[in-house]
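Chemist: Got a predicted model here, sequence first, then my questions.
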Amino acid sequence: MKGKRCCKGFTLIELVVTLSIIAVLSCIVVPFSFGAVMKNELKTAARMIASDIRYGENKALTEQYSSYKITFVPTSNEYRKYFDKKNINNYERVEMPPRIKMSSAVFGTEQKLYFNSKGSVLVGGSVTLTDGRGNWAFVRVTPVTGRVRIEYTEE
């Protein structure tokens, strides 16, 4: 065993090379993961709006009540749910996530979605959301049937 030197551990050069590889891979992966997070926020916001519209339809149908509505306010990036039968002026405010913008909401000539006592909407239309990276989501509501569907475009 003379002349053999037993060294355990890593040299400084090996550590620097390993850390450099990790840094380069991180620079590549982080922007993709950030884009995926924003795309997920966009899809979540669209699903949240669609879910609240379906809830309003079901609530109007089960209670046979025709004064429920959702008012969309794109300028403040929120919408308001008027689902209180005892006080029709009472509403619950729902804000969009910080990186998601409500570009428009059009239902006929208004930004309000009214439900009738049969659980369908009075006028169809759509809500448009964007994440600022070129991805869009459209929540479309069909008149009469009240069918709610979500469509996405990706850049």
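Modeler: Now that the structure is in, tell me what you want to look at.
Chemist: could you say what helices and strands the helix or strand encompassing residue 18 packs with?
Modeler: With elements taken from DSSP states H and E, the one containing residue 18 is helix 12-63. Counting contacts by 3 or more CB pairs under 8 Å, 6 or more residues apart in numbering; DSSP states H and E, helix 12-63 is packed against strand 69-73, strand 78-82, strand 125-130, strand 136-141, strand 148-153. Every C-beta, even on glycine, is put in place using the N, C-alpha and C of the backbone.
Chemist: and residue 116, what does it touch?
Modeler: 60, 66, 122 (CB atoms under 8 Å, 6 or more residues apart in numbering).
Chemist: If we use 10 Å, what do you get?
Modeler: Counting by CB atoms under 10 Å, 6 or more residues apart in numbering, residue 116 makes contact with 57, 60, 61, 64, 65, 66, 67, 68, 122, 144, 146.
Chemist: quick one: the last one and residue 118 touch, right?
Modeler: Yes - because the distance of 8.9 Å satisfies CB atoms under 10 Å, residue 146 is recorded as touching residue 118.
Chemist: Compare these two (neighbour count), which wins?
Modeler: Legend: neighbour count by other CB atoms under 10 Å for residue 146 and residue 118, higher for residue 146 (23 against 12).
Chemist: any idea how far residue 74 is from residue 153?
Modeler: The gap separating residue 74 from residue 153 is 18 Å, by CB to CB, to the nearest Å.
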